[in-house]
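1. sequence? don't have it. structure:
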């Protein structure tokens, strides 16, 4: 009933897509987190016009599907090819890999910005007051007091977002990238054995996400070790 | 020669307005169908977790862990290709050979239902846990039967507590529905793709699609806020 040879063969095919999946997830999460910090900064520290722009950005990217964002970047921007060539951006934007990274990054930045802002707002005012009373200010206050507390508050939500990012990389298969889902779709259309291929691909994603969740759990326990028992 | 943006998406002879409006309706329909199916299945999952004992509850938990850990796109492919494989095998029994396509709307709605059930199950379970024990004790004390408690006390309270979570899930479902375009259902994104291909104006059409999704999502946010307010009328400032 269960064709082990086929499963093993499919596993070997799909596992070769794991590096690309991880690469997409890691690169876009990193760039997205940096961009998210800028968005938060615009909201809390910059003049209200820029803060409003940041808020509209977050609203727009959280309210539209990632696939639409990806198509807008990959297919939509090709309409402006002459201008983009003149700006030297065409080499980047005609490459499906960079389009996928950009779309994933812009998307996750909007979600991360909300998570980070929530973390910042959860820093108790008393902690900041106490730090100021002890002579902390400026960057030192942020580095020693605000950031460590905000990080602990934001970590669970950020972990969820990372798992969502690993899943979201599957959309890159719609712009010809051969990561796990792309390879799985190809394997299905060649073998017509959707269920077996699905099982293998699903198991791969599940393993990736379980490892990620465990690692985040370890990090969280380490950060919270002052509260242990 | 280059038509203006408003001619492109308008309702004139050259305009894609009617097609986009129909596609928006299809998006709403497939998302609603999937969401409703997911609510039924999610309710069953929550029930299994609450009252199903170790084995059935464990299975329900495994289901929701797996479904939340694998990409939606993969599930859509499974239903699309897997469904046609099953149909093809059935048809072969009756002497038919070759590929049989499954209806994209049904496949899409099913895939959305199966995925969103995992999320909605968690929402319902959390809402059930939030119901105060005193409410049930009070109902027993005045002599309500179990079906009465379920209908008059539990379900209204669970719905009230679940509404914010259900609103989040609906937003997820709405965005997930765009993935159904990969199996050929002409919903909003697929229609934008078709229009973009035929007019060579992808940027305008994808941007229009994005704006329509944003509109739906904004209106739904408002709608859920209204429903939440209505569901809490007379409750005071408990939550």
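-> It's in. Predicted model only: the values in this text are computed from it and were never measured.
2. ok, now how distant is residue A:109 from residue B:150?
-> Distance from residue A:109 to residue B:150, counting by CB to CB, to the nearest Å: 44 Å. Glycine gets a C-beta too; all of them are placed from N, C-alpha and C.
3. Look at those two and report which has more neighbours.
-> residue A:109 (25 against 13; other CB atoms under 10 Å in any protein chain shown).
4. how would you label the more buried one: helix, strand or coil?
-> What DSSP: H, G, I helix; E, B strand; the rest coil gives for residue A:109 is helix.
5. Run a quick neighbour tally on residue 62.
-> Just going to use chain A. 16.
6. that's the wrong chain, I meant chain B
-> 10.
7. now it: how far from residue B:122?
-> As judged by CB to CB, residue B:62 and residue B:122 stand 13 Å apart.
8. And for residue B:232?
-> From residue B:232 over to residue B:122 the distance is 22 Å, taken as CB to CB.
9. Longest helix in chain A, please.
-> Longest helix of chain A, by residue count under DSSP state H: helix A:194-223.
10. And the helix or strand in which residue A:44 is found, how far out from the chain middle?
-> Residue A:44 belongs to helix A:18-45 when assigned by DSSP states H and E. The chain centre lies 6 Å from the centre of helix A:18-45; the measure is CA atoms, centre = their mean, to the nearest Å.
11. Is there contact, residue-wise, from the next helix or strand after that helix to chain B?
-> Counting by DSSP H and E, the element after helix A:18-45 in chain order, helix or strand, is helix A:48-63. Yes: contact of helix A:48-63 with chain B (CB under 8 Å from any CB of the partner chain) involves A:59, A:60, A:63.
12. can you pick the most crowded of these?
-> For the residues of helix A:48-63 next to chain B, neighbours tallied by other CB under 10 Å; top is residue A:63, 21 neighbours.
13. Would you check that my belief about that residue contacting residue B:218 is correct?
-> Yes: the pair residue A:63 / residue B:218 is scored as a contact, 6.4 Å apart, by CB atoms under 8 Å.
14. Kindly provide the distance from the residue nearest the centre of chain B to residue B:85.
-> Centroid check for chain B by CA atoms, centre = their mean gives residue B:35 as the closest residue, at 3.0 Å. Residue B:35 sits 27 Å away from residue B:85, going by CB to CB.
15. same deal with residue A:26?
-> The value you get for residue A:26 to residue B:85, if CB to CB is used, is 35 Å.
16. hmm, who's touching stretch A:34-53?
-> Here stretch A:34-53 makes contact (CB atoms under 8 Å, 6 or more residues apart in numbering or on different chains) with A:54-55, A:57-58, A:105-106, A:108-113, A:115-117, A:120.
17. Which strands or helices does the lengthiest helix in chain B pack on?
-> Using DSSP H to assign secondary structure, the helix with the most residues in chain B is helix B:17-51. With contacts defined as 3 or more CB pairs under 8 Å, 6 or more residues apart in numbering or on different chains; DSSP states H and E, helix B:17-51 has these neighbours: helix B:53-69, helix B:104-130, helix B:155-176, helix B:188-199, helix B:202-231.
18. Direction-wise, compare the last one with helix B:188-199 and give the angle.
-> Using axes from the mean of the first three to the mean of the last three CA atoms, to 10 degrees, the interaxial angle of helix B:202-231 with respect to helix B:188-199 works out to 160 degrees.
19. from the chain's centre, how far out does stretch A:97-108 sit?
-> 9 Å.
20. Let me see the mean pLDDT of that stretch.
-> On average, the pLDDT along stretch A:97-108 is 94.
21. Can you tell me what sits against that stretch?
-> A:24-25, A:27-29, A:31-33, A:35-36, A:61, A:66, A:69-70, A:72-74, A:92-93, A:161, A:164-165, A:168-169, A:171-172, A:175, A:177.
22. now stretch B:40-56
-> With CB under 8 Å, 6+ apart, stretch B:40-56 has contacts from B:57, B:59-61, B:63-64, B:113-114, B:116-125, B:128.
23. Over to stretch B:120-128?
-> Taking CB under 8 Å, 6+ apart as the rule, stretch B:120-128 contacts B:38-39, B:41-46, B:49-50, B:60, B:64, B:154, B:157-162, B:165-166, B:168-169.
24. and what of stretch A:119-130?
-> A:40, A:44, A:141, A:145, A:146, A:149, A:150, A:151, A:152, A:153, A:154, A:157.
25. For chain B, state which of those is nearest.
-> residue A:157 (12.8 Å; CB to the nearest CB).
26. Mind pulling up the pLDDT for the closest one?
-> 89.
27. Repeat that for the one 4 residues further on.
-> According to the per-residue confidence, residue A:161 scores 92 in pLDDT.
28. In contact with it, which residues?
-> Applying CB under 8 Å, 6+ apart, the residues near residue A:161 are A:108, A:111, A:112, A:115.
29. tell me the secondary structure for the third one?
-> Just to be clear, that refers to residue A:112. Under three-state DSSP, the three-state class of residue A:112 is helix.
30. What is the burial count for residue B:92?
-> 12.
31. That one sits in which helix or strand?
-> Counting by DSSP H and E, residue B:92 is part of helix B:83-93.
32. what's the average pLDDT for that helix?
-> Averaged over helix B:83-93, pLDDT sits at 78.
33. ditto for stretch B:136-146
-> 92.
34. First-to-last residue distance for it?
-> 10 Å (CA to CA, to the nearest Å).
35. Just checking the distance from that stretch to the centre of its chain.
-> 35 Å.
36. quick one: contacts of that stretch?
-> For stretch B:136-146, the surrounding residues in contact (CB under 8 Å, 6+ apart) are B:148, B:149, B:152, B:153, B:154.
37. now the angle from the longest helix of chain A to helix A:18-45?
-> 50 degrees.
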